[in-house]
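>>> no sequence for this one, just the structure:
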């Protein structure tokens, strides 16, 4: 569960005493900085981005919802950014890969957004969720096979970062061997490093080649379904939306897996609640989405007019950063941020409003199904170092574990089986996928131990066996 936020005495401040959201001081303890800013400024605080570009950090839960639900005041179109129009954000700026306007739904509002977002929603909806979970289990088992005989592993590098990319490359119709390089490039461009622009170019070129190939040789995959959608997206529009889905799914799900496994290994209350039947594995995933959302903040929204937000005077062209992690511990909606939250999905881990993450249920499925497979294979897995030895790396948008070393009784790898030839187990390409009953959907029945890829009995026995060995 969430620990009390720290109160660092000093953080880096720039011109005019405005806090910087970048640099080692801010990134070492983002939650401590958020609470300092909340104490000083309330629900909305002035901050500085890379290069000391001015911005507003939205810390309040209700204020975040206000921003995400009123596109007439706070647009997703980065071309509204005053500093960008004035040439203060050069092409090689660290934030360029995530702020430069692109023909994708994440940078559009109104009817244009509806056209692009509709194509994504319809194409994601064609996947058979049971088939997706079978692929998640297969890839998770493959990763565990790579280290299970050793008795030790490092689960961030060996598991959490690779599983989402393996699954997503399969769903997009890409060869599995694309995964490792895409993991490195995706993580780099999200961090806003000096090589972020080059990493973005690699991802773009990889996806451009995929679109060309799927245009001439379509299959039962997300890329082909976007290309054939009635909204008639151009090749460039398809490429940019593939990048959006791939990067968002990778970053959020990798962090979610690592944070959930860490909580299972280190939090006695969590283990007690699981053992007593008061919490299921999907509940644990949801708790992490409250306490440690995969994206701590999202850049951004741009003010379309002079307006007021929580007493701050926002000018047209100002940029706003959604403080998702800060909003989730806002005492206005969560009086005791250290208390567990069960059966409640009103967190902002996936943002809100019209731009709420469209693939969140697939992300949840990758996390809970992948962790289930891990615990099934390694029933006595345990942390190999003291909890206070774990370290994190933070950036403007995310905070993730550097490593999660574990020990376990060595296990034999699974026998080699032939992989399925399709990323879904529904009807053949060309016909819509059936809508699953609510009980089979990964977003449904999260209060039950049933996880879709196995039975309640097998999951519960494996979890109980793991808990008994703690």
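Received the coordinates, thanks. Being a predicted model, the structure only gives us computed values, none of them experimental. Numbering: from 1, shown residues only.
>>> Please tell me how far the residue in the chain sticking out farthest from the centre sits from residue 46.
For the chain, the largest distance from the centre (C-alpha atoms, centre = their mean) belongs to residue 16, which lies 33.8 Å off. For residue 16, the distance to residue 46 equals 8 Å [C-beta to C-beta, to the nearest Å]. Any C-beta I mention is one placed from the backbone N, CA and C, and that applies to glycine too.
>>> Show me the helices in the stretch 1-150 of the chain, by range?
Remark: helices of the stretch 1-150 of the chain, listed N- to C-terminal, are 24-28, 30-41, 61-69, 82-85, 96-99, 110-124, 129-145; assignment by DSSP state H, counting those that start in this stretch.
>>> The longest one - contacts with which helices or strands?
Helix 129-145 sits against helix 162-172, helix 360-377, with contacts defined as 3 or more C-beta pairs under 8 Å, 6 or more residues apart in numbering; DSSP states H and E.
>>> now the angle between helix 162-172 and that helix, please.
Between helix 129-145 and helix 162-172, the angle comes out at 140 degrees (axes from the mean of the first three to the mean of the last three C-alpha atoms, to 10 degrees).
>>> tell me the mean pLDDT over helix 129-145?
The average of the pLDDT scores along helix 129-145 is 94.
>>> again with stretch 101-114
Averaging the model's pLDDT scores along stretch 101-114 yields 93.
>>> try stretch 230-244
Computed over stretch 230-244, the average pLDDT equals 94.
>>> How much space separates residue 336 from residue 373?
Separation of residue 336 from residue 373 (C-beta to C-beta): 34 Å.
>>> Who has more neighbours out of the two?
Ranked by neighbour count (other C-beta atoms under 10 Å), residue 336 and residue 373 place residue 373 first, with 26 against 10.
>>> show me the contacts for that one.
Under the criterion of C-beta atoms under 8 Å, 6 or more residues apart in numbering, the neighbours of residue 373 are 136, 137, 140, 141, 144, 453.
>>> Could I get the full set of strands for the stretch 101-250 of the chain?
If you assign secondary structure with DSSP state E, counting those that start in this stretch, the strands in the stretch 101-250 of the chain sit at 152-154.
>>> Out of the helices and strands packed on helix 129-145, which gets nearest to residue 70?
Closest of those to residue 70 is helix 360-377, at 21.7 Å (criterion: C-beta to C-beta).
>>> From residue 360, how far out is the residue positioned nearest the centre of the chain?
A centroid search over the chain (C-alpha atoms, centre = their mean) returns residue 252, at 1.4 Å, as the residue closest to the centre. Plainly put, residue 252 is 8 Å away from residue 360 if you go by C-beta to C-beta.
>>> and for these two, which residues touch both?
Each of residue 350 lies in contact with both residue 252 and residue 360 under the rule C-beta under 8 Å, 6+ apart.
>>> ok so, going back, neighbour count for the contacts of residue 373 - can I get that in CSV?
CSV is the format used below for these (neighbours: other C-beta atoms under 10 Å):
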residue, neighbour count
136, 27
137, 19
140, 26
141, 19
144, 24
453, 24
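>>> Between the residues you listed, which sits nearest residue 381?
Out of those, the one with the shortest distance to residue 381 is residue 144. That distance is 10.0 Å, counting by C-beta to C-beta.
>>> And the closest one, how far from residue 196?
For residue 144, the distance to residue 196 under the criterion C-beta to C-beta works out to 32 Å.
>>> can you check residue 64 too?
As defined by C-beta to C-beta, residue 64 lies at a distance of 25 Å from residue 196.
>>> Could you do residue 259 as well?
In terms of C-beta to C-beta, residue 259 sits 23 Å off from residue 196.
>>> Ok, residue 394 next?
Distance, residue 394 to residue 196, by C-beta to C-beta: 15 Å.
>>> Give me the more crowded residue out of the two.
More neighbours sit around residue 196 than around the other of residue 394 and residue 196, counting by other C-beta under 10 Å; the figures are 22 against 19.
>>> Please give me every residue in contact with the more buried one.
Residues counted as contacts of residue 196 (C-beta under 8 Å, 6+ apart) are 94, 96, 97, 188, 189, 190.
>>> my guess is the third one contacts residue 198, does it?
No - no contact is recorded between residue 97 and residue 198 when judged using C-beta atoms under 8 Å, the distance being 9.9 Å.
>>> For the closest residue to residue 110 other than its chain neighbours, grab the count of nearby residues.
Leaving aside its sequence neighbours, residue 110 sits nearest to residue 71 (C-beta to C-beta, 6 or more residues apart in numbering; 7.3 Å). By other C-beta under 10 Å, 19 other residues sit near residue 71.
>>> Quick check: residue 101 vs residue 77, distance?
When distances are taken as C-beta to C-beta, residue 101 and residue 77 turn out to be 7 Å apart.
>>> what do these two both touch?
residue 107.
>>> Can you list phi and psi of the closest residue to residue 357 other than its chain neighbours for me?
Spatially, and ignoring its direct neighbours in sequence, residue 357 is nearest to residue 350 (3.8 Å; C-beta to C-beta, 6+ apart). Here the main-chain torsion angles of residue 350 (degrees, to the nearest 10) amount to phi -110, psi 20.
>>> For residue 350, list the residues it contacts.
If you count contacts by C-beta under 8 Å, 6+ apart, residue 350 has them with 252, 289, 356, 357, 360.
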